[in-house]
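S.K.: Predicted model follows, preceded by the sequence.
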Amino acid sequence: MRPVLSLLLLATALASPGRAGEREAVLAQAAAAEHSLDLGKALQCYLAADRLQPNDPVVLQKIARQYSNLSDGIASPEERRRMVETALGYAERSVALQPKSAVNVLSLAICHGKLAAVSAVRQKIALSRLVRDEALRALDLDPSYGWADYVLGCWNLGVASLNGAERLVTRVFYGGLPPASVDNAIHLLQRAVELDPDEPTHVIELGFAYRAAGRETAARAAFQRGLAMQSREAFDLEAQGRARLALSDPDAK
């Protein structure tokens, strides 16, 4: 059989109603698993959807998201790094196929941020710059994307919270980091809350920014508000755990 004819037959098979129906069913299962916070099942469903129709940038981003979220529950830094690197690989593929998607670009920022958490100082600083650059790029692609404001707000809060010795080492040995401030963090996180008012993670992180600014009353109100909200994602549960600790420990970050 000629190669061109073989490819045409393969394309026809992939586009057949039965195969398309199977993929839609798998994607529905994946969405249901995500909604119930069954990340492992969601990952397996999205991987199955990718096998049925490879190189769909939306599915690739979803796979990256599941790997990224699952990495949060891994105690071993080495295993966590491997899982985040896998997430990053899928995120990079999604961006290559759909470079103007703010969601895809922000996936890069999130993966690089998680890699920074398990990296040595030099790589941590390089990855931190990427987090900022990619979050800004996502925000440029979609100015109303609340998660981009959230990530950039977290970046500002993290960099602004470095102590004097950390800032000196970063500047002298690694060229420093772009300017950041707690005020910028508050502004960005307030905007994230305005754009996504039902997202408890945004509200809780805003509470930590208020605490860093010495606004303890506002911080506690934000923590309490975030705890009263319904969690929709696995990271919401993690954020709510941090909020509970923060209410009992004024030094918690």
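M.R.: Yep, it's here.
S.K.: Mind giving me the packing neighbours of whichever strand or helix holds A64?
M.R.: For A64, the host element (DSSP states H and E) is helix 57-71. Counting contacts by 3 or more C-beta pairs under 8 Å, 6 or more residues apart in numbering; DSSP states H and E, helix 57-71 packs against helix 17-35, helix 39-52, helix 77-97, helix 102-116. Just so you know, the C-beta spots here come from the backbone N, C-alpha and C atoms, and that holds for glycine as well.
S.K.: can you do 6 Å?
M.R.: Helices and strands touching helix 57-71, by 3 or more C-beta pairs under 6 Å, 6 or more residues apart in numbering; DSSP states H and E, are helix 39-52, helix 77-97, helix 102-116.
S.K.: any idea of the angle it forms with helix 17-35?
M.R.: If you take axes from the mean of the first three to the mean of the last three C-alpha atoms, to 10 degrees, helix 57-71 sits at 30 degrees to helix 17-35.
S.K.: how about helix 57-71: buried residues?
M.R.: Within helix 57-71, the residues scored as buried using 16 or more other C-beta atoms under 10 Å are 57-71.
S.K.: rewinding a little: okay, the helices and strands packed on helix 57-71 in CSV with distance to R211 next?
M.R.: Converted to CSV, the helices and strands packed on helix 57-71 look like this (distance: least, C-beta to C-beta, whole Å):
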stretch, distance to R211
helix 39-52, 29
helix 77-97, 27
helix 102-116, 20
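S.K.: of all these, which gets the most neighbours per residue?
M.R.: Counting by mean count of other C-beta atoms under 10 Å, helix 102-116 has the highest mean neighbour count of the helices and strands packed on helix 57-71, with a mean of 24.
S.K.: and it, average pLDDT?
M.R.: Mean per-residue pLDDT for helix 102-116: 97.
S.K.: now it against helix 77-97, angle please.
M.R.: Using the same axes, to 10 degrees: helix 102-116 against helix 77-97 is 160 degrees.
S.K.: After helix 102-116, which helix or strand is next? Please name it.
M.R.: For helix 102-116, the following helix or strand on the C-terminal side (DSSP H and E) is helix 121-141.
S.K.: mean confidence for that next one?
M.R.: For helix 121-141, mean pLDDT rounds to 95.
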